[in-house]
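> Build me a structure from this.
(one chain, ligands or ions: 1)
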Amino acid sequence: MKIALIAHDKKKTDLVQFVTAYQPIFTDHELFATGTTGLRIQEATGLSIHRFRSGPLGGDQEIGALIAQNKMDMVLFFRDPLTAQPHEPDITALIRLCDVYSIPLATNMGTAEILVRGLDRGDLHWRDVVHEQDNK
Ligand SMILES: O=C(CO)COP(=O)(O)O
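Residues are numbered from 1 along each chain as shown. Coordinates of the predicted model:
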């Protein structure tokens with residue numbers, strides 16, 4: 001599965017710890033991230049991650065574009081709800097596209113935990129079906 005990892009600055013350490021804790025699961029998947037988040041995770045885990053631009057410079061929109069092309073299967077976005085972001089419209093757009101395309105989205109660690117455990121036990125196999133239909 002293709003998984004996008006994104007965290008606002010005050011949540012980056014949380015996401016790094018989360019990915020570290022679930023590294024055996026993440027290793028089996030294709031990882032994408034916004035610029036700074038991806039760098040932090042790469043440095044901490046050594047995982048291979050395709051990094052886009054930093055969020056405020058368009059990274060959220062790049063990930064949104066993949067969602068619109070049905071090329072992203074899950075988004076883990078550790079948002080900071082207590083800090084104003086200069087690119088708030090991009091964030092809203094990304095979340096909206098997850099809803100448009102029914103892409104599983106976690107905006108906090110509690111939900112992310114459930115999604116990643118579900119991923120591990122095969123709850124996302126329906127995404128393979130979607131991809132198969134896409135290829136017809
Ligand atoms: O701002 C972000 C998401 O909206 C994250 O971007 P960075 O990973 O580059 O900090």
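> Do you have the helices of the chain handy? List them.
Secondary structure of the chain by DSSP state H: the helices cover 12-21, 23-26, 35-45, 59-68, 88-100, 109-120, 125-134.
> Could you identify which of these has the lowest mean pLDDT?
Mean pLDDT is lowest for helix 125-134 out of the helices of the chain, coming in at a mean of 91.
> and residue 39, how far is that from residue 110?
Counting by Cβ to Cβ, to the nearest Å, the separation of residue 39 from residue 110 is 25 Å. Glycine gets a C-beta too; all of them are placed from N, C-alpha and C.
> again but with residue 36, I slipped
23 Å.
> who in the protein is up against the ligand?
Within the chain, the positions adjacent to the ligand are 6, 8, 34-37, 54-56, 59-60, 91 by Cβ under 6 Å from any ligand atom.
> The residue of the chain found nearest the ligand: what's it in contact with?
In the chain, the residue found nearest to the ligand is residue 55; the distance is 2.1 Å by Cβ to the nearest ligand atom. Residues near residue 55 by Cβ atoms under 8 Å, 6 or more residues apart in numbering: 6, 8, 34-37, 85, 87, 90-91.
> Kindly report the same for residue 6.
Residues near residue 6 by Cβ under 8 Å, 6+ apart: 15, 33-34, 37, 55, 59-60, 63, 75-78.
> For PyMOL, what selects the buried ones among those?
For selection in PyMOL, the members of those meeting the burial criterion (16 or more other Cβ atoms under 10 Å) are listed in this command:
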select buried, resi 15+33+34+37+55+59+60+63+75+76+77+78
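> Output the contacts of residue 6 as CSV; include the columns distance to residue 129.
Output for these, formatted as CSV (distance: Cβ to Cβ, whole Å):
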residue, distance to residue 129
15, 29
33, 26
34, 28
37, 30
55, 31
59, 29
60, 27
63, 22
75, 19
76, 22
77, 24
78, 29
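> Please put the alpha-carbon coordinates of stretch 32-48 into PDB.
In PDB, the C-alpha atoms belonging to stretch 32-48 read as follows (Å, rounded to 0.1, in the frame of the first residue of the first chain):
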ATOM      1  CA  PHE A  32       5.600   9.100   1.000                       C
ATOM      2  CA  ALA A  33       5.800  12.300   3.100                       C
ATOM      3  CA  THR A  34       6.000  16.000   3.100                       C
ATOM      4  CA  GLY A  35       9.600  17.300   3.100                       C
ATOM      5  CA  THR A  36      10.500  18.000   6.700                       C
ATOM      6  CA  THR A  37       8.400  15.200   8.100                       C
ATOM      7  CA  GLY A  38      10.000  12.700   5.700                       C
ATOM      8  CA  LEU A  39      13.500  13.800   6.500                       C
ATOM      9  CA  ARG A  40      12.900  13.400  10.300                       C
ATOM     10  CA  ILE A  41      11.400   9.900   9.800                       C
ATOM     11  CA  GLN A  42      14.200   8.900   7.400                       C
ATOM     12  CA  GLU A  43      16.900  10.000   9.800                       C
ATOM     13  CA  ALA A  44      15.300   8.200  12.800                       C
ATOM     14  CA  THR A  45      14.400   4.900  11.100                       C
ATOM     15  CA  GLY A  46      16.400   4.600   7.900                       C
ATOM     16  CA  LEU A  47      13.200   3.800   6.000                       C
ATOM     17  CA  SER A  48      13.000   4.700   2.400                       C
END
